[in-house]
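Participant: Could you work out the structure for the sequence below:
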Amino acid sequence: MTIFQKQLGIIILVTIVINIFFASPRYMSSNYEQNKHHIATSEYLEKTQEQTNEKDFGKCLTFDEDLNELVSRAEQVFITMPAKSAGSSLKHFVNQCMNVDPWIGQNNNNFINGAPRVNKFMTDSLHLPKVIASHLYGEDTLLRLLQNTGRNTLLIYIHREETSRLLSAVKQVISRACSGNIPFDRKYDEVRVNGTHCEIDESFIVKEIIVKKQNEMRNSAGRILTCDVYDKIDDTAPKMVFLHYKQADKLQAIIAAHHCQDMLEKLSHQNIDADKKMQVSVVLEKSKTEVRLDEWIKAKGELLEWGYQLKEGEGCQAKTRHMEDKLLSCDDELLLI
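Facilitator: Next comes the predicted model:
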């Protein structure tokens, strides 16, 4: 037998031994268990990630079943929102539904933002309204609601993406300047009105309206949905729903079905600027030419927050954006957190 034949025989023998070992029940069992463990670990991590996402971003709801059930079971409902998020129509509707005059007694406009007015409200009547709607001026009111409401209280927060909300607020404040209403208690040379046409200088818009965050501009989502608010949500586990502002009409219908069925056919769509016929033009700073207000907002709107640092000091924007992503992914744009 040659040396080559001996080496070939050894190689064949080693190959046979290796194949026998890997085919043995003991090895197969060990390998199966390792694969099983790997698969189970992967599935666990995926499940954990899903649960984490569910915890972080909430659960999608439906109007017809989920929200309807929540409202029917709630002993008290608070509906809150920043400015320019369907608040005027909702407040008008809720006041009618609860048979409340917002300008008489302690249940006046946005009263929940002031602790002294809340204290007076509590003794204003034996039977207090089961549904309260209010704009929020900042985080404090929402923090008080989260900390002090009970398990049978439903909190509904109407949300609008901040840039969209801001531009709507800018437009409203500019229109108000043209009509001579608050916050402008005197006439300005930079604002010129001729019948139903208003010219307003771009420099005035920047210096007197945007930089100063006049009226509705200052009540931003960033001043309401703060890090402290998100921490308080984690601490208190409230029964709280986020709702996209464009779904406000559906919320009204559910509230009416449970609290004022006679209003189902006359739901409110109030917009305090809806009937204004004033045509507003902006006189550009550099060229001194006029453009329509809508054109000016479309051209510069996405840059206003950056250009004038309108979000300075606002934290936890990532949490709000994650919440928005989840909210908009829901078919009914309705999210239980």
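
Participant: And the one helix or strand residue 176 maps to, how far out from the chain middle?
Facilitator: Assigned by DSSP states H and E, residue 176 falls within helix 162-179. Taking C-alpha atoms, centre = their mean, to the nearest Å, one finds the center of helix 162-179 at 19 Å from the center of the full chain.

Participant: Point out the other helices and strands that that helix packs with.
Facilitator: With contacts taken as 3 or more C-beta pairs under 8 Å, 6 or more residues apart in numbering; DSSP states H and E, helix 162-179 sits against strand 191-194, strand 197-201, helix 221-224, strand 279-283, helix 293-307. The C-beta positions use only the backbone N, C-alpha and C, and glycine is treated the same way.

Participant: most tightly surrounded among the ones you listed?
Facilitator: helix 221-224 (a mean of 22; mean count of other C-beta atoms under 10 Å).

Participant: The nearest residue to residue 75 once chain neighbours are set aside: neighbouring residues, count only.
Facilitator: Spatial nearest neighbour of residue 75, chain neighbours left out: residue 152 (4.0 Å); criterion: C-beta to C-beta, 6 or more residues apart in numbering. When neighbours are defined as other C-beta atoms under 10 Å, residue 152 has 10 of them.

Participant: Quick check: phi and psi at residue 152.
Facilitator: Residue 152 adopts backbone torsions of phi -90, psi 10, taken as degrees, to the nearest 10.

Participant: Double-check it against residue 70; I have them as touching.
Facilitator: No: checked against C-beta atoms under 8 Å, the pair residue 152 and residue 70 is beyond contact range at 10.7 Å.

Participant: ok, for residue 191, nearest residue in space, not its chain neighbours?
Facilitator: residue 200 (5.1 Å).

Participant: Repeat that for residue 334.
Facilitator: Nearest non-adjacent residue to residue 334, counting by C-beta to C-beta, 6+ apart: residue 61, 4.4 Å away.

Participant: For the residue positioned nearest the centre of the chain, give its distance to residue 298.
Facilitator: Nearest to the mean C-alpha position of the chain, counting by C-alpha atoms, centre = their mean, stands residue 159 at 3.0 Å. Distance, residue 159 to residue 298, using C-beta to C-beta, to the nearest Å: 23 Å.

Participant: circling back: residues in contact with the residue nearest to residue 75?
Facilitator: 73-76 (C-beta atoms under 8 Å, 6 or more residues apart in numbering).

Participant: following the helix or strand bottoming out on mean pLDDT in the chain, which helix or strand comes up?
Facilitator: One helix or strand of the chain scores below all others by mean pLDDT, DSSP states H and E: helix 25-57, with a mean of 49. Later in the chain than helix 25-57, the nearest helix or strand by DSSP H and E is strand 59-60.
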